[in-house]
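**Q** Got a sequence here, can you build the structure:
(chains A and B)
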Amino acid sequence: MPTRVLVPSGVLGLGFDREALARGVAAKPDIIAIDGGSTDSGPFSLGGGVSKYSRAATKSEWRQLMQARAQAGVPLVLGTAGTCGTDATVEWMAEITRELAAELGQSVKVAKLYSSQPKERIAEALRAGRVTPLTPAPEVDAGRVLEMTNIVALAGAEQVQAALATGADIVLCGRTTDTATIAALPLARGDHAGGAWHGAKIAECGALCSTNPTSGVIMVDFDETGFTVEPLAGSACCTPHSVSAHMLYENADPFLLYEPGGCLDVRGAQYRALDERRVRVEGSRWIPGPYTVKLEGARVAGYQTTILAVLRNAHYVKHAREWVAKLTAFLEGEIDTRMGLKPGDYHMDFRLIGVDSALGAVENRNGDPVEVGVLGIVTAQTQETAAEIGKLINPFVLHYPLTEDEELPTFAFPYSPATTDRGELFEFALNHVLALDDPMAAFRLELEEIGHAEFV
Amino acid sequence: MPNSSEGRLSEKVLKVRSKNAGPFWVTIDVFCGSSEAFGEVSTTLKTERVAQLYDVPLETLKRFDIPELNVVKFSLPRPVVQGSREDRDMHGAGWAVLLEEAALD
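**A** Down below sits the predicted model:
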């Protein structure tokens, strides 16, 4: 059965073209699906179980989507709620949904799909050989698993289908693969499996597969032989090039995409322009495999304090690297003498902004910068220790001379206090898959009637 | 490396971009823009040279030559995991410049 999926944007919180959304609703979609997350900003969101995006931005966009859902009369599905898809961020979205339902006077049935993993479950699965590393995987044992702050499993189409099967108006998913929320309904209705996954991959970043990426909204029609994609903003077009090029995006392999329960192979895909806006795709294949779900985990790898100085004096700019080397050796001595800490007990790194701070050792250009930013990053076992080291090194970062016989130099500092405590340094700690006998074995579904309380 | 921009990859192609492909991989896409440019880049840009630029073992570097898109793509495991203590570029976006600035043989 043909399935029409409206994708308002690549991610909730980034904005979309309102007129295009209205056009999408008017075109009678079968479902509205949007992603809420990514690992792309780093491990902090997962580590802390918090959203990267502002609550205000999220709420204002979710309001429009809840209105669009009510108007279209179809389910609204959010993948990877709150950037990382932990139980806490599903709750965060549920709370926003409750507020909006009250403000909009809506009565909705909300299904919450939880993806957080009890650490003991993963440690036990690891012992039982049901957790397999991908390449490259960090070292992990049961002890390391138990240290993690958050572990999530990436749900696929099956778990989203289970949530939709409850008849929910709104589905708030914990961590899902980027494609799962879009592929779920077409697969459930028997559309072409290769087309369902491929179309979902093309649509997962919204209008990024079109000539106007920031317009957000796109529509994908799935059927028994493939899919057709169309951007809904007047200013955007999909071309065979813009669509096929999207398979490259954030993908290590542009032809194969592993999902729970199999792999999408697009090597045989044909991209054909139907007109100047729409592209038809056929020929992609779904290759079923063992049912595994990917795991993501984060652990605290220390606590950080930073300091920033700017060298502007030409002599110091020219000798910045030498200065940092001498300063580091001196500071290691001071930290040892005054705090009894050896270099292995903490980590101190000075990065030269304007020299090689982005690329480090592989930088191959020698510039002639006007000034050099010196970003000191201290990582220690506790925030207290990192902050203490930061305060200890502060006067020397401000005044340390290149040579002994010169008057004390003073460098530019952009703020006071000179040091900033950054809190936990989270680290991605899993690149593994978990084997499941039943797709729902690692996931939990809860239903909530919002605005119906008096009738329950 | 040449002193001028002459002969650099950026002079021949439309765009070079890099991005994380998950926390453990970085991928670099060279959009050549035409089949002529693709033909030239595809034959003259040696995989060994790219491995050397990024200082990674040749066997860990994946390469895809995609004539339909006039794209040459490279993927490599991140030498440091995204967001870890040593990471200098959270999104992997700065990696493209090394290739962009590389001289073609």
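**Q** Verify the stated contact: residue A:158 with residue A:438.
**A** No - applying Cβ atoms under 8 Å as the test, residue A:158 and residue A:438 come out as separate, 9.1 Å apart. Where C-beta positions appear, they are placed from N, C-alpha and C, glycine not excepted.
**Q** Looking at these two, which one has more neighbours?
**A** residue A:158 (20 against 9; other Cβ atoms under 10 Å in any protein chain shown).
**Q** quick one: which helix or strand includes that one?
**A** Assessed by DSSP states H and E, residue A:158 sits inside helix A:157-164.
**Q** Which elements pack onto that helix?
**A** Applying 3 or more Cβ pairs under 8 Å, 6 or more residues apart in numbering or on different chains; DSSP states H and E, one finds that helix A:157-164 contacts strand A:76-83, strand A:108-114, strand A:170-173, helix A:180-188, strand A:444-450.
**Q** of all those, which lies closest to chain B?
**A** For the helices and strands packed on helix A:157-164, proximity to chain B was assessed by Cβ to the nearest Cβ; strand A:76-83 is nearest, at 13.3 Å.
**Q** tell me the mean pLDDT for the helix holding residue A:158?
**A** Averaged across helix A:157-164, pLDDT comes to 98.
**Q** got the angle for it vs strand A:108-114?
**A** Between helix A:157-164 and strand A:108-114, the angle comes out at 150 degrees (axes from the mean of the first three to the mean of the last three Cα atoms, to 10 degrees).
**Q** and the angle for helix A:157-164 with strand A:444-450?
**A** Here helix A:157-164 runs at an angle of 30 degrees relative to strand A:444-450 (the same axes, to 10 degrees).
**Q** What are the contacting residues of helix A:157-164?
**A** Applying Cβ atoms under 8 Å, 6 or more residues apart in numbering or on different chains, the contact partners of helix A:157-164 are A:31, A:75, A:77, A:79, A:111, A:113, A:171, A:173, A:176, A:180-181, A:183-185, A:187-188, A:196, A:259-261, A:439-440, A:443, A:445.
**Q** For residue A:454, give me the pLDDT.
**A** For residue A:454, the pLDDT comes out at 49.
**Q** from the chain's centre, how far out does stretch A:300-314 sit?
**A** In terms of Cα atoms, centre = their mean, to the nearest Å, the centre of stretch A:300-314 is set 26 Å apart from its chain centre.
**Q** do stretch A:277-290 as well
**A** In terms of Cα atoms, centre = their mean, the centre of stretch A:277-290 is found 25 Å from the chain centre.
**Q** hmm, back to that, quick one: the helix holding residue A:158 to chain centroid distance?
**A** The chain centre lies 21 Å from the centre of helix A:157-164; the measure is Cα atoms, centre = their mean.
**Q** ok, now stretch A:149-161?
**A** The answer for stretch A:149-161 is 14 Å, by Cα atoms, centre = their mean.
**Q** Can you get me the start-to-end distance on stretch A:333-353?
**A** Using Cα to Cα, to the nearest Å, one end of stretch A:333-353 lies 25 Å from the other.
**Q** same deal with stretch A:353-362?
**A** End-to-end distance for stretch A:353-362: 15 Å, by Cα to Cα.
**Q** and that stretch, what's its mean pLDDT?
**A** Taken as a whole, stretch A:353-362 has a mean pLDDT of 96.
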